[in-house]
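S.K.: give the three-dimensional model of this entry:
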Amino acid sequence: MSSIRIPEDLGLSRQPEGLILIPDEPVHEQVQEIFAWVLTNQVVGLDLVQLARLSAAPGKEIAEEQLIGKELWKYNSDLDDYLDVILSPDELEAYLRFDKDLSGMIQYEDCLFRILQSGVRRGFLPDNIRSAIQEMTTGERYLVAQGVSPEPGKDGEILLHDSLRNHKGPFSAVDGRVYTVRQDEILAEKLPPQPGNSGFTVKGKPLRVEMEDPSLPQGENTYLGEERLTVYAAVDGYLHYDPPELSVRQVLNFEGDADYNTGEIRFDGPIIINGDVRKGVVVQGREDIEIRGCVDGGEITSDTGDIIVRGGINGLELSTIEAEGDIRAEYMQDATLRSQGRVEVERYVSRCIVQASGPVVIHNNEGMVRGGSIWSETAIRSNVAGSTACVPTTLMVKPILNEAQEKTLQSLNEQLQSLGERQQQLRRRLDYLSMLARRQNRLGTKHQQEAELLSEELITVSEKILDMEEQVHVLYTSPRSERKPENPVIQVRQKIYPGVLFIIGDKELLIQEELSGGVVEVKNDQIYLREIPASLPKKMHFESRTMI
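M.R.: Just a heads-up that it's a prediction; the model follows:
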């Protein structure tokens with residue numbers, strides 16, 4: 001044994017069998033202190049490979065004593081001039097190079113010390129070191145320490161709501177269908193990252209590939225589950241994804257036009273469309289619907305709220321607008337509108353079918369009703385009715401049919417159409433037989449019998465038509481409830497053209513000459529037109545649902 005003094009606090013003990021390491025916690029720090037002492041005092045003889053292995057497991061408890069050397073001696077620093085250790089740029093490899101043949105002058109432990117001196121702390125290759133000493137080719141590089149490259153694991157992943165799986169990047173209502181969700185529904189789930197295998201450099205620096213650990217896209221009206229790996233909807237609404245946030249919005253704010261690319265828009269809350277609703281698009285909401293452009297052939301339905309169309313309705317004879325509340329628009333053209341509230345129009349109503357439980361009002365001074373029919377249960381107010389072309393225009397105030405009556409009316413109308421077509425066929429055939437009789441001065445027996453049968457059928461068909469027309473009249477004049485409108489009125493302020501038909505209850509008034517305007521009322525079971533005094537204002541305002 002050498003006489004090199006070993007500090008007591010290193011945990012090294014000289015025993016008959018050799019130098020014993022008494023492990024102390026943490027062993028990693030203990031070994032690093034031993035390495036520092038070895039380098040400072042240039043001590044050779046310790047099993048640095050064994051010490052490096054102990055140091056590489058800082059979290060592992062080491063209870064047993066370790067034999068780490070037999071004898072200690074001082075390193076010969078003259079060897080430094082002929083013994084080089086070269087590290088690769090990534091510090092994953094260390095090479096030993098002999099610049100002089102040192103055969104018989106250098107031992108395995110000297111090489112270990114020189115390698116330790118270069119900064120190597122892990123990955124010693126003792127067999128390679130011994131082979132290098134045996135071969136010892138001047139200038140040759142020998143691999144004597146090897147680090148380990150890290151192996152990547154798997155990145156964390158966010159699994160979005162099923163409806164968003166095919167969308168890349170941001171998603172809002174304009175990008176496609178509206179995806180509605182319910183409170184407490186799962187919106188996104190996180191799969192945590194899976195770490196790979198760590199590596200290390202020969203200097204002992206740990207190497208690992210950091211796997212991506214994405215944050216959950218928690219946005220407005222959402223909450224995290226207890227495990228903080230799941231995002232839930234806090235309210236009913238629709239999805240809006242603007243990375244990194246996935247939100248639930250309670251007012252559907254649809255940017256741009258709704259067209260054939262969009263498809264149907266159905267949402268239980270309020271809807272705002274910041275553009276037009278194009279042909280073939282269905283918009284259905286449970287609450288208010290506001291369209292800030294035009295309706296060009298689309299269908300709009302609100303189950304409980306109002307419908308507001310800022311830019312007007314171009315129905316293209318395709319649009320049906322139905323609201324439990326009010327319907328308001330800049331203008332209405334070639335559309336069917338049904339409202340359980342009031343209908344208000346700024347400019348004109350042209351060739352529309354309008355039904356409203358509340359009043360129908362056209363506000364503008366030049367506002368007109370032209371063509372089609374307006375049916376209100378309370379009142380109709382406009383400034384102009386009809387046109388110079390005498391387009392048939394109907395304005396009626398009377399109870400609107402309920403759902404059962406509507407179905408009955410539809411069935412009656414279908415039967416009337418079929419009977420009307422048959423009536424025309426019978427008349428054409430009888431006209432032909434009559435012409436044949438005039439040309440031949442008589443009809444043959446076969447034709448005579450045919451004419452008699454056709455005449456009988458024509459009488460039966462005509463009687464059925466009269467009966468069904470009476471049923472239709474009864475339906476139109478039957479209230480859907482016991483409620484009857486108080487003071488039903490139709491008011492046209494400025495101009496009434498020929499061809500306008502006014503109906504209040506079961507009373508009708510057909511205008512056959514141009515008039516300057518008036519109020520249509522029923523008094524003493526008679527319908528008549530009363531002239532409006534010139535002093536009354538031309539523009540009308542209606543702010544409440546109840547007529548005064």
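
S.K.: make it CA atoms for all contacts and neighbour counts henceforth
M.R.: Fine.

S.K.: any idea of the mean pLDDT for the biggest strand by length in the chain?
M.R.: Using DSSP state E, we find that the single longest strand of the chain is strand 313-323. If you average the pLDDT over strand 313-323, you get 93.

S.K.: hmm, who's touching the very next helix or strand once past that strand?
M.R.: Next helix or strand after strand 313-323 toward the C-terminus (DSSP states H and E): strand 327-329. Outside strand 327-329, the residues that touch it by CA atoms under 8 Å, 6 or more residues apart in numbering are 306-313, 339, 341-346.

S.K.: in PyMOL, how would I select the buried members of those residues?
M.R.: PyMOL command restricting the contacts of strand 327-329 to the buried ones, with burial defined by 16 or more other CA atoms under 10 Å:
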select buried, resi 306+307+308+309+310+311+312+313+339+341+342+343+344+345+346
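
S.K.: re earlier: what helices or strands is the longest strand of the chain leaning on?
M.R.: Counting contacts by 3 or more CA pairs under 8 Å, 6 or more residues apart in numbering; DSSP states H and E, strand 313-323 packs against strand 295-296, strand 299-302, strand 332-339.

S.K.: ok, and what's touching the first one?
M.R.: With CA under 8 Å, 6+ apart as the contact definition, strand 295-296 has outside contacts at Asp276, Val277, Arg278, Lys279, Val309, Gly311, Gly312, Ile313, Asn314, Gly315, Leu316, Ser319.

S.K.: and Tyr95, helix, strand or coil?
M.R.: strand (DSSP: H, G, I helix; E, B strand; the rest coil).

S.K.: ok, Asn253 next?
M.R.: Recorded secondary structure, Asn253: strand (three-state DSSP).

S.K.: any idea how far Val148 is from Lys205?
M.R.: 10 Å (CA to CA, to the nearest Å).

S.K.: higher neighbour count, those two?
M.R.: Legend: neighbour count by other CA atoms under 10 Å for Lys205 and Val148, higher for Val148 (18 against 15).

S.K.: now the more buried one: closest residue in space, sequence neighbours ignored.
M.R.: What sits nearest to Val148 in space, not counting adjacent residues and going by CA to CA, 6 or more residues apart in numbering, is Gly199, at 4.7 Å.

S.K.: what are the neighbouring residues in contact with that neighbour?
M.R.: Contacts of Gly199 by CA under 8 Å, 6+ apart are Gly147, Val148, Ser149, Pro150, Glu151, Pro206, Leu207, Arg208.

S.K.: can you tell me which of these are in strands?
M.R.: Reading strands off the contacts of Gly199 with DSSP E, I get Pro206, Leu207.

S.K.: how about the helices in the stretch 351-500 of the chain?
M.R.: 403-440, 445-477 (DSSP state H, counting those that start in this stretch).

S.K.: switch these over to a markdown table; also include mean neighbour count and mean pLDDT.
M.R.: Below are the helices of the stretch 351-500 of the chain laid out as a markdown table (neighbours: other CA atoms under 10 Å; pLDDT from 0 to 100):
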| stretch | mean neighbour count | mean pLDDT |
| --- | --- | --- |
| helix 403-440 | 14 | 87 |
| helix 445-477 | 15 | 87 |
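
S.K.: export these as CSV, with columns for distance to Asp268.
M.R.: As requested, the helices of the stretch 351-500 of the chain are arranged in CSV below (distance: least, CA to CA, whole Å):
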stretch, distance to Asp268
helix 403-440, 23
helix 445-477, 34
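
S.K.: out of the ones you listed, nearest to Leu229?
M.R.: Closest approach to Leu229 among the helices of the stretch 351-500 of the chain (CA to CA): helix 403-440, 50.1 Å.

S.K.: which strands or helices does that closest one pack on?
M.R.: Contact analysis of helix 403-440 by 3+ CA pairs under 8 Å, 6+ apart lists helix 445-477 as its packing neighbours.

S.K.: now the helix it packs on and helix 403-440, what's the angle there?
M.R.: If you take axes from the mean of the first three to the mean of the last three CA atoms, to 10 degrees, helix 445-477 sits at 150 degrees to helix 403-440.

S.K.: follow-up on the earlier one: paired strands for the longest strand of the chain, with orientation please.
M.R.: strand 295-296 (parallel), strand 299-302 (parallel), strand 332-339 (parallel) (DSSP bridges).

S.K.: picking up where we left off before, who does the residue nearest to Val148 bridge with?
M.R.: Beta-bridge pairing for Gly199 (DSSP bridges): Leu207.

S.K.: pLDDT score assigned to it?
M.R.: Reported pLDDT for Gly199: 94.

S.K.: doesn't Val522 make contact with Ile503?
M.R.: No - judged on CA atoms under 8 Å, Ile503 makes no contact with Val522 at a distance of 9.7 Å.

S.K.: neighbour count winner among these two?
M.R.: Neighbour tally, Ile503 and Val522, criterion other CA under 10 Å: the higher count belongs to Ile503, 22 against 17.

S.K.: setting aside sequence neighbours, what's the nearest residue to the more buried one?
M.R.: Residue nearest to Ile503 in three dimensions, not counting chain neighbours: Met396, with 4.3 Å by CA to CA, 6+ apart.

S.K.: report the contact partners of that neighbour.
M.R.: For Met396, the contacting residues are Ser373, Ile374, Trp375, Ser376, Ile380, Ile490, Phe502, Ile503, Ile504, Gly505, by CA under 8 Å, 6+ apart.

S.K.: as a markdown table, these with pLDDT and distance to Leu419 would be great.
M.R.: Output for the contacts of Met396, formatted as a markdown table (pLDDT from 0 to 100; distance: CA to CA, whole Å):
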| residue | pLDDT | distance to Leu419 |
| --- | --- | --- |
| Ser373 | 94 | 25 |
| Ile374 | 95 | 27 |
| Trp375 | 93 | 27 |
| Ser376 | 94 | 30 |
| Ile380 | 95 | 34 |
| Ile490 | 94 | 35 |
| Phe502 | 95 | 28 |
| Ile503 | 93 | 27 |
| Ile504 | 92 | 29 |
| Gly505 | 86 | 27 |
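
S.K.: which one of the residues you listed has the most neighbours?
M.R.: Sorting the contacts of Met396 by how many neighbours each has (other CA under 10 Å) puts Ser376 first, at 31 neighbours.

S.K.: state the distance from it to Pro26.
M.R.: Look at Ser376 and Pro26: by CA to CA, they are 91 Å apart.

S.K.: again, but for Glu514
M.R.: Shown here: Glu514 relative to Pro26, a distance of 108 Å by CA to CA.

S.K.: follow-up on the earlier one: between all of the contacts of Met396, which two are separated the most?
M.R.: Greatest spatial distance in the contacts of Met396: Ser373 and Gly505, 14.9 Å, computed using CA to CA.

S.K.: could you export the longest strand of the chain as CSV, CA atoms only?
M.R.: Provided in CSV are the C-alpha atoms of strand 313-323 (Å, rounded to 0.1, in the frame of the first residue of the first chain):
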residue,chain,number,x,y,z
ILE,A,313,-85.5,39.4,-48.5
ASN,A,314,-85.2,38.4,-52.1
GLY,A,315,-87.2,35.2,-51.8
LEU,A,316,-86.8,34.0,-55.5
GLU,A,317,-90.1,32.3,-54.8
LEU,A,318,-88.1,29.9,-52.6
SER,A,319,-87.8,31.6,-49.2
THR,A,320,-89.9,30.8,-46.3
ILE,A,321,-89.4,32.9,-43.2
GLU,A,322,-91.1,31.7,-40.0
ALA,A,323,-90.8,33.2,-36.5
